[in-house]
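A.B. asks: let me see the structure of the following:
(2 chains)
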Amino acid sequence: GQQVMQIPQYQHVQEGEDFTTYCNSSTTLSNIQWYKQRPGGHPVFLIQLVKSGEVKKQKRLTFQFGEAKKNSSLHITATQTTDVGTYFCAGREGTSYGKLTFGQGTILTVHP
Amino acid sequence: NAGVTQTPKFQVLKTGQSMTLQCAQDMNHEYMSWYRQDPGMGLRLIHYSVGAGITDQGEVPNGYNVSRSTTEDFPLRLLSAAPSQTSVYFCASSYSLAGIYEQYFGPGTRLTVT
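C.D. replies: Predicted structure coming up:
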């Protein structure tokens, strides 16, 4: 079945440093989503990427979808303590709703 | 709007007991899903529904049943609880807007099976 691998599992940064998490799928994806989960909270949708090579920005966050639609990345510029949490990618193979496969997540710690 | 609500927040079961985790949404979303979250494993899809009366299995459906009699409610039933089902369970609802299925998650139910 489809597998989505996400690295690194943990990342500790000093406030102001950049952060990147990477997502790789064993199969070609139709789209990929990114979620953020604060400690003790629930996942919150950040973005969905659909097109090959797509790049989207949300303030300090930059999301990329690979040309082959099998990998993706999330980059945060100049991290802040509010960025603390777990970041998940989630890949979908078909175009219908079902069977979204999540990566294991990257736990980001930001030291002030 | 309350969004997605889940009850209970916490539950302790003994092995072999059954129970139902409740999930409700008031956003008239067509799609709903149940996930379990275990340390280091991300979220794994248990069952999902694309509308009232329509359900399908996800990645880890064994030991769980679902039904969707209304748009609003999507309960998850544990038939005979096992320690391996100790986890945090999240319900999510979604709609499609131009092919984007943004999921809204509930606060979760933390289940311990002893």
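
A.B. asks: what are the contacting residues of the worst-scoring helix or strand of chain A on mean pLDDT?
C.D. replies: Each helix and strand of chain A was given a mean pLDDT (mean pLDDT, DSSP states H and E); the minimum falls on strand A:100-102 at a mean of 91. By Cβ atoms under 8 Å, 6 or more residues apart in numbering or on different chains, the residues outside strand A:100-102 that reach it are A:2-4, A:25, A:33, A:88-93, B:33, B:35, B:42-45, B:59, B:101, B:103. Where you see a C-beta, it was placed from the backbone N, CA and C, and this is true even at glycine.

A.B. asks: paired strands for that strand, with orientation please.
C.D. replies: Using DSSP bridges, the strands paired with strand A:100-102 are strand A:85-92 (antiparallel).

A.B. asks: gap between the partner strand and the chain center?
C.D. replies: The chain centre lies 5 Å from the centre of strand A:85-92; the measure is Cα atoms, centre = their mean, to the nearest Å.

A.B. asks: may I have it as PDB, with CA atoms only?
C.D. replies: Coordinates of each C-alpha in strand A:85-92 appear next as PDB, following Å, rounded to 0.1, in the frame of the first residue of the first chain:
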ATOM      1  CA  GLY A  85       4.200  21.700  17.300                       C
ATOM      2  CA  THR A  86       4.100  18.700  15.100                       C
ATOM      3  CA  TYR A  87       3.900  19.100  11.300                       C
ATOM      4  CA  PHE A  88       2.300  16.400   9.300                       C
ATOM      5  CA  CYS A  89       2.100  15.900   5.600                       C
ATOM      6  CA  ALA A  90      -0.800  13.800   4.200                       C
ATOM      7  CA  GLY A  91      -0.900  12.400   0.700                       C
ATOM      8  CA  ARG A  92      -3.800  11.300  -1.400                       C
END
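
A.B. asks: I'd like the average pLDDT over that strand.
C.D. replies: Average pLDDT, strand A:85-92: 96.

A.B. asks: then stretch B:95-102?
C.D. replies: Here the average pLDDT along stretch B:95-102 is 86.

A.B. asks: B:I46 is in contact with A:K99, correct?
C.D. replies: No: using Cβ atoms under 8 Å, A:K99 makes no contact with B:I46, being 11.6 Å away.

A.B. asks: before we move on, the earlier item: who does the helix or strand that comes right after the least confident helix or strand of chain A pair up with?
C.D. replies: The helix or strand immediately downstream of strand A:100-102 is strand A:106-111, counting by DSSP states H and E. If you go by DSSP bridges, strand A:106-111 pairs up with strand A:10-14 (parallel), strand A:85-92 (antiparallel).

A.B. asks: what does chain A put close to chain B?
C.D. replies: For chain A, the residues in contact with chain B (Cβ under 8 Å from any Cβ of the partner chain) are A:1, A:4, A:6, A:9, A:31, A:33, A:35, A:41-45, A:48, A:50, A:88, A:90, A:92, A:95-105.

A.B. asks: nothing else from me, thank you.
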